[in-house]
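Enquirer: coordinates only, sequence not included:
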Ligand code: NQM
């Protein structure tokens, strides 16, 4: 099936329909998406990182979860499938897909689905509307970056901290200097390098297309990203899609922080889900690079509005711990998802289909 999940779009597979051998699986996914090719003309991919994504879904092997989800970022011009990070947008489509495919049964009005992202072990609860036991896609929920409205997908994360880097602040510091620039290296669901837009000569309010064309800026960002990746325990990140790079500036349109994200080589049309959660987390850490830039609401429960090129993304966080050492205990947010297509896709000959006995559970 093809789903739009949040502000992304991808092909959703049952794990049992793909080979269990990783190299074989990746050959099929590359072929199905039409990679490597900058236009992905021979496949389903949309020639952009936000539309070159795959979800591999199965019943959970963890007794405390319902569904296991493997996220695959499929390279566009490189024959590469990266399963290092999470994707909170593609995650939004996993609950409807699991119900559509009969992996779990829908309840009468609303169904809560506990999904484990196996890339990182992050667990999320997704709540979707299922009137009469059928997934509802129509509704009034609106997220910036997607035209129109749809049924809400409510997502709650409990344990996103250190998803890929092993800890929230992999260097042990709230602020580091990398390649001459102050940064906060942080992972609350997504490894992110947070830096002030002004430190790389930008306002942080530039339109996305302008930033995307800025070759000098991209070069500078990569100069910071490569060593930052090493400090974040990610090794050589030259061919990895993490860490993401987020330029921040004071809020401008009524939110709490302004952002422009690089994922990591293209400027995001809005902002990734876990990236937004991670930036919101950086906002509440005393001494982070965000201090003096973000407006942080008072109270334990904070509704943080993260401005991005297409509008804003609200992340609701619950902050515990102490004033000096706050802990983000919970993050909740709203997405929408829509079933776009259901059918059979054809891999190129040579990207072999699985033999039945190899099929994964
Ligand atoms: O940060 C884009 C997206 C993402 C990832 C990316 C995401 C997340 O918008 O959770 O959702 O960072 O490549 O789908």
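Expert: All right, it came through fine. None of the values given here were measured: they were computed from a predicted structure.
Enquirer: if I look at the residue of the chain found nearest the ligand, how far off is residue 262?
Expert: As assessed by C-beta to the nearest ligand atom, the ligand sits closest to residue 272 within the chain, at 2.2 Å. Just so you know, the C-beta spots here come from the backbone N, C-alpha and C atoms, and that holds for glycine as well. Separation of residue 272 from residue 262 (C-beta to C-beta, to the nearest Å) stands at 11 Å.
Enquirer: mutual contacts of those two, please.
Expert: Jointly contacting residue 272 and residue 262 under the rule C-beta atoms under 8 Å, 6 or more residues apart in numbering are residue 244.
Enquirer: more neighbours: these two, which one.
Expert: Using other C-beta atoms under 10 Å as the criterion, residue 272 and residue 262 rank with residue 272 on top: 29 against 21.
Enquirer: what sits against the more buried one?
Expert: Neighbours of residue 272 in contact, by C-beta under 8 Å, 6+ apart: 87, 88, 89, 190, 244, 261, 263.
Enquirer: narrow the residues you listed to those in strands?
Expert: Members of the contacts of residue 272 lying in strands (criterion: DSSP state E): 244, 261.
Enquirer: highest neighbour count among the contacts of residue 272?
Expert: residue 190 (30 neighbours).
Enquirer: what's the closest non-adjacent residue to that one?
Expert: Among residues not flanking residue 190 along the chain, residue 274 sits closest, at 3.6 Å (C-beta to C-beta, 6 or more residues apart in numbering).
Enquirer: doesn't residue 303 belong to a strand?
Expert: Yes. Assessed with DSSP: H, G, I helix; E, B strand; the rest coil, residue 303 lies in a strand.
Enquirer: for the stretch 51-200 of the chain, what lies in contact range of the ligand?
Expert: By the rule C-beta under 6 Å from any ligand atom, the part of the stretch 51-200 of the chain lying against the ligand is 86, 87, 88, 89, 190.
Enquirer: thought the second one was touching residue 9?
Expert: In other words, residue 87. No. With contact defined as C-beta atoms under 8 Å, residue 87 does not count as touching residue 9 (11.3 Å).
Enquirer: give me the common contacts of the two.
Expert: Taking C-beta under 8 Å, 6+ apart as the contact criterion, the residues that touch both residue 87 and residue 9 are residue 53.
Enquirer: tell me where the stretch 151-300 of the chain has strands.
Expert: For the stretch 151-300 of the chain, applying DSSP state E, counting those that start in this stretch gives strands covering 152-157, 176-178, 181-187, 191-196, 244-249, 257-262.
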